[in-house]
Structure formats: structure tokens, C-alpha cells
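> what's the 3D shape of this:
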Amino acid sequence: MTDHIDHTESAEHSDDSREGAAFAAFMELHHGLPRQSPGSDATTRRLLSLCGPLPERPRVLDLGCGPGRSALLLAAEAAGPSGPGYAEVTAVDLHEPFLAELRTAARARGLSGRVEAVRADMGALPYPDGSFDLVWAEGSAYCIGFDRALAEWKRLLAPGGTLVLTECEWTAEEPSAGARAFWDPQCALRSAARNTAAAQAAGYRVLGTLLQPDSDWAEYYGPLADRAGAARASTPAAEAALAATREEIAVRERHGHEYGYRGYVLTPVTAGDGDRWQAGPETAAQAAAVRAVNLAAFDTPLEADLVDALRADAAWLPGLSYVARRPDGSVAAHALLTRCTVDGAPALALAPVATDPPAQRSGAGSAVVRALLAAARERGESLVLVLGHPAYYARFGFVPASLFGIRAPFEVPDEAMMALVLDDSVPVPKGTVTYPAPFGI
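Now for the predicted structure:
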């Protein structure tokens, strides 16, 4: 799994050939190794299991495939459960020798017809939108950056498609100076919370994550360390490649408890898509209809009274009370965002969300929530909190708020207090949620 930059060709057109020599020395050290990043067949299978059902013959794109360990497994095992299908894998890398290794291995396993090895740049992919059911990138997204990968690879997914990528990140809350001295100059690692926030802000739902075990690092570094230990440098470039490799392995031995690779299994948020329901800000004339919907949707008048009380409170934000309308203009669903805080930092509370009983399970509720969240993002809001049913709100990208260090002001199941980051450029605050006074908390 190699860099997206073609160092060999760039060196041919540069006055300074040292970059090309360094890249060649690095690749020479890695040729023939089973893996080019931490991983294992077991981890690939576990990530695949988090994707949920796939089509009978899924179209898979493996980016930065290297010699193709994951591509081969996906070709053999990623077929859907409904029949004797198989995956069609397009495996992309810029380093032709790795692709040659993959083609040889595919032939040996009888998978030549299922694996196409393609020399291409993961940062400038030639495929049309919606071309793949599964986009896969183990140990390679760093080449263009996690955020850019999230943004640019989404278009490649067919409806219901899944993106799987792994990213090296801090596992220690306060990484040591020694660990930072190695990582900061070459790849600024983030926490799981920061990477999850980036995925949410990019419009993904997190289906699952997996922190890769230490054995995945051993599977990568074991053969590499043996080769580096036996190698003798014949050029300055080779000496530099050896020194860098040995330092990387040594840093892992000293500081491996402070960082690790995590797999992210993501799918674009689609809840509320479509044009069946028109949703937008409530008008002054719809206040009575909003109350009526909340009265009809809940067993008690508490939610309807809460909306009315919030209208008179400083937490009310004009333009963030949304309704979904029937074709005749009547209100079918309502959702409200008001100001709350987390340890004094501003956030939004999503509550209540109500759908008129005849319109329930019709998509009206999803449409109004989706439109309201989009409006909040457009206004520059960065964080939304909701206390509700995990399976429902996960469809919009919400994850447990505890991942960000956010907690409710009372005892609730961890999975029920949820958060959605709308703008990951704003630091996510940690602490206890403070609700507006009308909530009575």
C-alpha cells in the first residue's frame, strides 16, 4: 500500500534525483513482503462483517492495494449471501511491481477473472460516480489524507454502498513527547473522536469501527524487521531507507501503546432523501398545527408544552423549528433545535421530534430531521445532541456522545445520548450537557 505520488516518474523530470533514489530504496526494502501496512486476514474479515449485507456480486474498489492481500480475500469472500455470487475487485496502486505480484497471486488462486489490477492514482481516479458497492482502503488513505479520502471517494459509492478505510491515530489521551517527535513531522495523528467527527461532518453514518490488534502490527513489522536486520546498504539512499525503517519499528516498540490503526466502516447518510415530503421552517401560522402534531404523537402533552415554553425562552433559535408538509400544506411532522451547552460551549439540542400518527413510517419524520440538520449546518452550527432511540438517530449519522467525552446531566443508557458533529473544524467540547430551563433538568 504505497504513496499516491509516483516518485519514480517525478524524479525523471526533476533536477534532483534524490527523491527517486530514496523511493526506489524504500520499495526495494518492501518488495516481496506479504503486507505493506499493519493488518491481517482476520482484520479484513472483521471489517467486512461490519459492512452488512452486500449484493450477490459486489463491485469492489481496493485503493492502494499493494501486493493485494486484501484484494484477494475480498475477491474470494465479499460476495453477498443470496447465492453463488462473487466479488469483482478492481485493485488500484501506482507501483507496477506490486500490481505484478497481485496478478501472479490471483492466477495462482484461480481469481484472475475476479481481480483487475490497475495502475492509477487514488487521488485522481478515472471511475464514474456510483461505480462500486464497496470502496476499500487498508493502510493507504493517509497517502491523500483521511479528510480528502472521505470527500473524494464518496461519489464512487453506489446507493447503499460502503466505504472501509483504516487510519493510524492516537490511542493515548495525552501522547508522549517521544511519540509526537516521530509522528508529528510526517503525519499528524488524530484521535478516534476527531476522525469520527470528520466522518460525520463529511456526511457519513458510522456502521462500526475496529481498533486493530497488536498482532496486526507484528504481521507487518515481523517480516520487515527481519529484512531490515539482514540488509546491508550499498548506497546513501538505501542506508537512509534502512535507518528510517529501523527507527519506525523501534518507535513502535517504545510507544506502541500510544497509537494504533483503526478501521472505519462508513456509509453515506441517506435518511430523509427524496422529494416525497417537503420540509422547511415553520411559519407563524403553523404554530397551532405544530402543537397539534406533538399532542397527537405523544401520550402526554409534555412535549407540546415544552415546544411552547421554548418559544418564549432565550434558547429558541428562529428558523430552526422545521415542519414536513403534506401536499395540501398541512403539517405532518415537526422537529426542533434549541440552544444548549456542553461545559459552557454552544451546541444544539434536538427535541422534540414528532410525526402525526397517520404519517408515521412514511418518511415524514426523517425528511424533517434531515432538512433541519442541513439548516443548522448552513447556519454554521457545529454540534447537535439528541437523547433518543439509537437505531433511529444513527441513520442520520449520530453516534454515542460518550465517544466525544459528552455526558447527560442524568443517568441514561450510554447509547441513548448521541451526538452529531456538523463542522469538525470546531473542537468538540467535553463535559456535561446543560439544557434550557424549559426542559426542567
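
> tell me the SS of Pro128?
coil (DSSP: H, G, I helix; E, B strand; the rest coil).

> That one - how many residues pack around it?
8 (other Cβ atoms under 10 Å). Just so you know, the C-beta spots here come from the backbone N, C-alpha and C atoms, and that holds for glycine as well.

> How about the one 5 residues further on?
Neighbour count for Asp133, taken as other Cβ under 10 Å: 24.

> All the helices of the protein, in order from the start?
Ranges of helices within the chain are 7-12, 18-30, 41-50, 69-77, 96-108, 146-153, 177-183, 192-201, 214-230, 236-255, 287-297, 302-311, 364-378, 390-393, based on DSSP state H.

> of those helices, which approaches Pro409 most closely?
Set against Pro409 and scored by Cβ to Cβ, the helices of the chain come closest in helix 302-311, at 16.1 Å.

> so for that closest one, what's the average pLDDT?
Regarding helix 302-311, the rounded mean pLDDT is 98.

> ok, and what's touching that helix?
287, 290-291, 294-295, 297-298, 316, 321, 334, 336, 338, 351-352, 354, 436, 438-439 (Cβ atoms under 8 Å, 6 or more residues apart in numbering).

> tell me which residues of that helix are tucked away?
By 16 or more other Cβ atoms under 10 Å, the buried positions in helix 302-311 come out as Glu303, Ala304, Leu306, Val307, Ala309, Leu310, Arg311.

> and if you look at stretch 181-193?
Those would be Phe182, Trp183, Leu189, Arg190, Ser191, Ala192, Ala193, for stretch 181-193 by 16+ other Cβ under 10 Å.

> what do you get for stretch 265-275?
Here stretch 265-275 shows Val265, Leu266, Thr267, Pro268, Val269, Ala271, Gly272 as buried, counting by 16+ other Cβ under 10 Å.

> do the same with stretch 203-221
203-207, 209-210, 212-213, 216-217, 219-221.

> Kindly report the same for stretch 225-243.
Under 16+ other Cβ under 10 Å, the buried positions of stretch 225-243 are Ala225, Arg227, Ala228, Ala231, Ala237, Ala238, Ala240, Ala241, Leu242.

> Export the buried residues of stretch 203-221 as JSON lines, with columns for pLDDT.
Output for the buried residues of stretch 203-221, formatted as JSON lines (pLDDT from 0 to 100):
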{"residue": "Gly203", "pLDDT": "97"}
{"residue": "Tyr204", "pLDDT": "97"}
{"residue": "Arg205", "pLDDT": "97"}
{"residue": "Val206", "pLDDT": "97"}
{"residue": "Leu207", "pLDDT": "97"}
{"residue": "Thr209", "pLDDT": "98"}
{"residue": "Leu210", "pLDDT": "98"}
{"residue": "Gln212", "pLDDT": "98"}
{"residue": "Pro213", "pLDDT": "97"}
{"residue": "Asp216", "pLDDT": "97"}
{"residue": "Trp217", "pLDDT": "97"}
{"residue": "Glu219", "pLDDT": "96"}
{"residue": "Tyr220", "pLDDT": "95"}
{"residue": "Tyr221", "pLDDT": "95"}
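
> State the pair within the residues you listed that is farthest apart.
Gly203 and Tyr221, at 35.2 Å, using Cβ to Cβ across the buried residues of stretch 203-221.

> just checking, Gly139 touches Val164?
No - between Gly139 and Val164 there is no contact under Cβ atoms under 8 Å: 11.6 Å.

> Nearest to Met27 among the buried residues of helix 302-311?
Nearest to Met27 among the buried residues of helix 302-311, with distances taken as Cβ to Cβ, is Leu310, at 61.2 Å.

> how much space between the closest one and Pro436?
Leu310 sits 6 Å away from Pro436, going by Cβ to Cβ, to the nearest Å.

> What of Leu317?
From Leu317 to Pro436 the distance is 11 Å (Cβ to Cβ).

> again with Gly139
46 Å.

> more crowded one of the two?
Neighbour totals were compared for Gly139 and Pro436, and Gly139 leads with 25 against 20 (other Cβ under 10 Å).

> Pop out the phi and psi values for the more buried one.
phi 70, psi 20 (degrees, to the nearest 10).

> contacting residues around it?
Met1, Gln36, Ser37, Pro38, Gly39, Gly64, Gly66, Thr166, Tyr261.

> The closest residue to the third one other than its chain neighbours and Gly263: what is the separation?
Distances taken as Cβ to Cβ, 6 or more residues apart in numbering put Gly139 closest to Ser37, at 2.5 Å, once the chain neighbours are dropped. With distances defined as Cβ to Cβ, the gap from Gly139 to Gly263 amounts to 10 Å.
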